[in-house]
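Colleague: here is my input, please return the structure:
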Amino acid sequence: LFDREKYKGKINGVFGEISASDDFTCNDTNASIQVVFQSSKDHWVPMGSILLSDMRGKWKNFEMLPSSLQIEEKLSGVYGIRFRLNSRSKFKGEIYLNDLGFIYKINDE
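Modeller: Residues are numbered from 1 along each chain as shown. You can find the predicted model right below:
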C-alpha cells in the first residue's frame, strides 16, 4: 500500500506527459484527449484537451489549470479524473500517460 500525501488545499489542476504509439492512426484530424475532473460540486468539469496529432510518436508535456473563476469554484471536492478520447472516427494504437500529478491550491489559513 502507498502512503497518501495530505495537503491543506484543494486540487486545482493536473500535469503530466502523454504520448501515442508510433502506429497510432485516427482519421479525425480534430481528435483529442479531453481531461475532465469530477467533483462533489460538478461531476463534469472540463479542464482542457490535447490534440492527438500533437503527441503521435513523442512525449508531450501538459499542464491544465482552471480557465475561469467559475471552473475553479467547481473544483472543491475533486474525487476523480477522466481522460476521454474525443473522436468522430475509430482509432488504432495505444495512448500512454506518464508522470501524472495534481496541482494544489494551498490554503494559507
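Colleague: which stretches of this structure have low pLDDT?
Modeller: By pLDDT under 70, the low-scoring segments of the chain are 1-9, 107-109.
Colleague: and the strands in it?
Modeller: Per DSSP state E, the chain carries strands over the ranges 9-20, 25-26, 32-39, 45-51, 60-64, 78-86, 91-92, 95-106.
Colleague: of those, which is nearest Glu72?
Modeller: strand 9-20 (6.7 Å; Cβ to Cβ). Bear in mind the C-beta positions are built from the backbone N, C-alpha and C, glycine included.
Colleague: let's see the closest one as CSV, backbone CA atoms only.
Modeller: Written as CSV, here are the backbone C-alpha positions of strand 9-20 (Å, rounded to 0.1, in the frame of the first residue of the first chain):
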residue,chain,number,x,y,z
GLY,A,9,-5.7,22.8,0.0
LYS,A,10,-7.6,21.6,-3.0
ILE,A,11,-6.8,20.1,-6.3
ASN,A,12,-6.7,23.0,-8.8
GLY,A,13,-5.1,21.3,-11.9
VAL,A,14,-3.2,18.4,-13.4
PHE,A,15,0.1,17.9,-15.2
GLY,A,16,1.9,15.1,-16.9
GLU,A,17,3.1,13.6,-20.1
ILE,A,18,1.1,12.0,-22.9
SER,A,19,2.0,10.1,-26.0
ALA,A,20,0.5,7.9,-28.7
